[in-house]
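Enquirer: Using only what follows, build the 3D model:
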Amino acid sequence: LSDSQIRLFLKTAEQAGTEWFPIWAFGIYTGLRSGELIALRWKHIHHHEGKPIISVQESWTKQGEYKPYTKNKMLRTVPINSSLQLIIDHLRHVNPSAAPEDFVLPQLSTWRQGDGAKELGAFLLGCNLPKIRLHDLRSCFITQCLLCGVPPIVVMRMVGHSSLKTIMRYVRLVGTDVLGQTEGLNFSS
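Expert: Next comes the predicted model:
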């Protein structure tokens, strides 16, 4: 999804009050995999050097079990921006007695059963937006970070890609490796 499509999607989802809104917003604002989002607990949201972050360290599997590690067993950190912080604050306000071990996001049975893509696709269709998979929210995060000038190696660390080859697919897709590179060519008199 493009920047404007993401804005429309999140605004419509929030206004509609769908229980999926925080899940979709977290996906776009963090690049976490679906299983990592399901397993996200309040203890994973904290501050490091005064900045709010998410420590990504657990995952939920298709077999219906929680694992104390991510898909590729890499622990990583994702910074929390002000837009995501507002969503976190709202979730905390709705559940002020949440313990550190409690899950941050709604534990929807359709989501845990792997039907999140159907819900997302139907919602996007209603918004006249392109149909994407739940995993594509991660791709939205990656491409938008690259378009905002976040260095590919930093994006790679945030999303847990272990190969530069993987992140380079996104770099080529959005063209950030060539954006602005001809500015030094000025031959006018």
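
Enquirer: report the longest strand in the protein, please.
Expert: Secondary structure of the chain read by DSSP state E shows that its longest strand is strand 51-56.

Enquirer: and the helix or strand following that one, what other elements does it pack with?
Expert: Next helix or strand after strand 51-56 toward the C-terminus (DSSP states H and E): strand 59-60. Applying 3 or more Cβ pairs under 8 Å, 6 or more residues apart in numbering; DSSP states H and E, one finds that strand 59-60 contacts helix 34-38, strand 66-67. Using the backbone N, CA and C atoms, a C-beta is placed for each residue, glycine as well.

Enquirer: hmm, 6 Å instead?
Expert: In this structure, strand 59-60 packs against helix 34-38, with contacts taken as 3 or more Cβ pairs under 6 Å, 6 or more residues apart in numbering; DSSP states H and E.

Enquirer: For the helix it packs on, name the packing helices and strands.
Expert: In terms of contacts (3+ Cβ pairs under 6 Å, 6+ apart), helix 34-38 is packed against strand 59-60.

Enquirer: mean confidence for the strand it packs on?
Expert: For strand 59-60, the mean pLDDT works out to 88.

Enquirer: try stretch 3-10
Expert: Rounded mean pLDDT across stretch 3-10 is 94.

Enquirer: can you pull the buried residues of that stretch?
Expert: 5-6, 8-10 (16 or more other Cβ atoms under 10 Å).

Enquirer: so how far is that stretch from its chain's centroid?
Expert: 14 Å (Cα atoms, centre = their mean, to the nearest Å).

Enquirer: same check, this time on stretch 84-92
Expert: For stretch 84-92, the distance to the chain centre is 15 Å (Cα atoms, centre = their mean).

Enquirer: what's the answer for stretch 14-30, then?
Expert: That offset, for stretch 14-30, works out to 10 Å (Cα atoms, centre = their mean).

Enquirer: Convert the longest strand of the chain to PDB, retaining C-alpha atoms only.
Expert: Output in PDB follows, covering the C-alpha atoms of strand 51-56 (Å, rounded to 0.1, in the frame of the first residue of the first chain):
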ATOM      1  CA  LYS A  51      13.100   6.100  24.100                       C
ATOM      2  CA  PRO A  52      10.100   3.700  23.800                       C
ATOM      3  CA  ILE A  53      10.800   0.400  22.100                       C
ATOM      4  CA  ILE A  54       9.500  -3.000  21.500                       C
ATOM      5  CA  SER A  55      11.700  -6.000  22.200                       C
ATOM      6  CA  VAL A  56      10.700  -8.600  19.800                       C
END
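
Enquirer: Quickly list what residue 103 is bridged to.
Expert: residue 41 (DSSP bridges).

Enquirer: That one: neighbour count?
Expert: 17 (other Cβ atoms under 10 Å).
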